[in-house]
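**Q** sequence and predicted structure are below.
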Amino acid sequence: MEKKLILRGVLAGAVAGLLAFLFARIFAEPQISKAIDYESGRDAAQSALDKAAGLAPEAAGPDLFSRTIQADVGIGVGMIVFGMAMGALFAVAYAVCLGRVGAVRPRNLALLVAGGGFLGMYLVPFLKYPANPPAIGHEDTIRARSGLYLVMVVCSVALLAGAVWLGKRLQDRFGNWNAVLLAAGAFVVAVGVVMLLLPSLGHLGYNKEHFGNHATETPLPLTDGKGTIVYPGFPADVLFSFRLYSVAAQVLLWSAIGLVFAPLAQRLLQPDTGAGATGRQPEPVPA
């Protein structure tokens with residue numbers, strides 16, 4: 001049973017990844033191109049400043065893949081593979097929750113787990129470390145940034161699972177509604193504490209040493225020795241649009257996983273019932 005659910009999760013994830021790629025290709029890719037153009041212009045301005053100061057400009061590394069390959073094949077394959085991985089994780093979480101979270105029908109459970117996946121795997125970590133387009137972030141902080149984001153994701157998922165467990169424990173004493181509110185409140189407080197403990201990206205040691213103490217790694221205006229601005233800071237509208245479309249793509253991804261997986265799971269778990277399924281609940285999946 002678990003293998004069949006995971007296979008259906010992978011299939012749902014592949015479909016969801018394809019849909020998310022089409023959305024990102026139409027809406028997010030133009031923002032990425034604008035960010036790359038900004039980065040190229042800023043590098044040229046920095047090279048001019050270095051040349052005027054008598055410094056040797058850094059040689060730009062060759063591009064392994066063209067922008068066309070990156071925008072189409074690269075993002076497409078990446079989104080589909082990512083969707084399949086999220087679909088597999090979703091199916092595992094679904095199998096764990098099946099029959100253990102009360103009287104929830106298979107279709108409804110799929111949507112709830114998908115919503116939890118979006119919240120824990122993406123939205124909460126995004127609030128602390130939002131997605132950034134090219135030109136934002138320094139090469140020397142890639143490892144630190146990746147580690148911090150991974151810590152945020154792990155904490156978010158663990159705290160979300162803890163909130164579900166807490167809600168179940170409080171259900172008999174306070175009732176369903178109050179238990180949900182108490183568990184949600186505990187989750188928000190715990191996530192807030194984690195976010196306060198984790199540093200902002202602009203406060204990393206490398207950034208403090210070379211660029212000062214800032215909240216983010218978003219490039220500020222480039223100035224010459226006299227303080228005159230020779231190149232503007234990163235465009236705020238491009239950053240906003242990129243982050244907005246990033247969230248929208250993830251909403252589409254997780255919604256599609258839940259909506260595609262729901263009828264597949266329904267047919268597997270209740271093969272003798274129709275679309276208007278009955279209230280008979282599935283047995284828990286053996287551990």
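**A** The structure has been received and is ready for your questions.

**Q** going by neighbour count, list what's buried in the helix or strand hosting Ser246.
**A** According to DSSP states H and E, Ser246 maps onto helix 236-269. Of the residues in helix 236-269, 238-239, 241-243, 245-247, 249-250, 252-262, 264-266, 269 count as buried by neighbour count, 16 or more other C-beta atoms under 10 Å. Yep, even glycine has a C-beta here, placed from its N, CA and C like the rest.

**Q** show me how far stretch 73-87 is from its chain's centre.
**A** The chain centroid and the centroid of stretch 73-87 are separated by 13 Å under C-alpha atoms, centre = their mean, to the nearest Å.

**Q** my error: substitute stretch 26-45 in the last question.
**A** Computed by C-alpha atoms, centre = their mean, the chain-centroid distance of stretch 26-45 equals 21 Å.

**Q** again with stretch 25-43
**A** 20 Å.

**Q** could you list the domains of the chain?
**A** Domain assignment for the chain by automatic domain parsing gives 1-57+68-136+235-287, 139-217.

**Q** give me the helices and strands touching the helix or strand encompassing Asn178, please.
**A** Following DSSP H and E, one finds Asn178 within helix 176-197. With contacts defined as 3 or more C-beta pairs under 8 Å, 6 or more residues apart in numbering; DSSP states H and E, helix 176-197 has these neighbours: helix 124-128, helix 142-174.

**Q** low-confidence ranges, the stretch 151-287 of the chain, go.
**A** Residues of the stretch 151-287 of the chain meeting the criterion pLDDT under 70: 272-287.

**Q** how near is the spatially closest residue to Leu159 that is not a sequence neighbour to Ala179?
**A** Leaving out its chain neighbours, the residue that sits closest to Leu159 by C-beta to C-beta, 6 or more residues apart in numbering is Ala190, at 4.9 Å. Going from Ala190 to Ala179 by C-beta to C-beta, to the nearest Å gives 16 Å.

**Q** where along the stretch 1-150 of the chain do the helices fall?
**A** For the stretch 1-150 of the chain, the helices defined by DSSP state H, counting those that start in this stretch cover 2-23, 29-52, 67-69, 75-97, 106-118, 124-128, 142-174.

**Q** lowest-confidence stretch among those helices?
**A** Lowest mean pLDDT of these: helix 67-69, a mean of 66.

**Q** quick one: the helices of the stretch 1-150 of the chain as a markdown table, columns for mean neighbour count too.
**A** Formatted as a markdown table, the helices of the stretch 1-150 of the chain follow (neighbours: other C-beta atoms under 10 Å):
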| stretch | mean neighbour count |
| --- | --- |
| helix 2-23 | 20 |
| helix 29-52 | 16 |
| helix 67-69 | 11 |
| helix 75-97 | 20 |
| helix 106-118 | 21 |
| helix 124-128 | 20 |
| helix 142-174 | 16 |
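
**Q** nearest to Pro219 among those would be which one?
**A** helix 29-52 (6.7 Å; C-beta to C-beta).

**Q** report all helices and strands that that closest one contacts.
**A** strand 222-223, strand 229-231, helix 236-269.

**Q** okay, angle between it and helix 75-97 too, please.
**A** Angle, helix 29-52 to helix 75-97, by axes from the mean of the first three to the mean of the last three C-alpha atoms, to 10 degrees: 120 degrees.

**Q** what angle do helix 236-269 and helix 29-52 make with each other?
**A** Using the same axes, to 10 degrees, helix 29-52 lies at 140 degrees relative to helix 236-269.

**Q** rewinding a little: need the contact list for the residue nearest to Leu159.
**A** Residues near Ala190 by C-beta atoms under 8 Å, 6 or more residues apart in numbering: 159, 162-163.

**Q** residue furthest from the geometric center of this protein?
**A** Distance to the chain centre peaks in the chain at Gly54, reaching 43.1 Å (criterion: C-alpha atoms, centre = their mean).

**Q** ok, now how distant is that residue from Leu89?
**A** Separation of Gly54 from Leu89 (C-beta to C-beta): 54 Å.

**Q** next: Leu264.
**A** Counting by C-beta to C-beta - Leu264 and Leu89 are separated by 16 Å.

**Q** again, but for Lys3
**A** 15 Å.

**Q** try Gly137
**A** Gly137 is 26 Å from Leu89, by C-beta to C-beta.

**Q** residue contacts, the most centrally placed residue in the chain?
**A** The centroid of the chain falls nearest to Tyr122 when counting by C-alpha atoms, centre = their mean (3.5 Å). Neighbouring residues of Tyr122 by C-beta under 8 Å, 6+ apart: 247, 250, 254.
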